[in-house]
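Peer 1: Build me a model from this:
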Amino acid sequence: MIKKNKNDMNGYLEPIEQILSSDVIKDNEKLRRVFLSAKESIEKGERDALARLSNDISWYLVTNKYQAPKEIIDFARQIAKEPSKERGKLAFLQMLALSLIKP
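Peer 2: Here you go, the predicted structure:
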């Protein structure tokens with residue numbers, strides 16, 4: 001279960017660490033790299049780390065005939081909205097910038 005705190009992405013570290021230490025991806029180097037990269041990005045405080053993780057999991061599913069361990073699918077569902085949230089933030093900033101430019 002992800003501990004949700006809008007200002008603290010560290011709540012996502014525990015489930016990522018659980019996945020990394022589980023047997024479900026022990027022998028799957030592609031998934032290990034995806035989750036290790038996400039963990040490092042979150043620890044560095046990168047704002048779009050979850051959106052990238054969501055996209056990376058989606059790409060993994062596409063390239064692997066939509067086959068992945070249940071734990072990965074469940075986690076992906078929990079963070080599926082992250083790319084949309086990032087696009088929404090960007091759209092708002094673009095709209096604000098355009099409103100300041102126009103007379």
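Peer 1: any weak-confidence spans in the protein?
Peer 2: By pLDDT under 70, the weakly predicted segments of the chain are 1-8, 82-92, 102-103.
Peer 1: Repeat the analysis, applying 90 as the threshold.
Peer 2: 1-12, 24, 26, 47-48, 50-51, 77-103 (pLDDT under 90).
Peer 1: Sketch out the helices for it, chain order is fine.
Peer 2: Ranges of helices within the chain are 13-21, 29-44, 49-63, 70-79, 82-101, based on DSSP state H.
Peer 1: which helices and strands does the shortest one pack with?
Peer 2: Based on contacts counted as 3 or more CB pairs under 8 Å, 6 or more residues apart in numbering; DSSP states H and E, the elements that helix 13-21 packs against are helix 29-44, helix 70-79. Every C-beta, even on glycine, is put in place using the N, C-alpha and C of the backbone.
Peer 1: what's around Ser54, how many residues?
Peer 2: Residue neighbour count, defined by other CB atoms under 10 Å, stands at 24 for Ser54.
Peer 1: Right, I'll leave it there.
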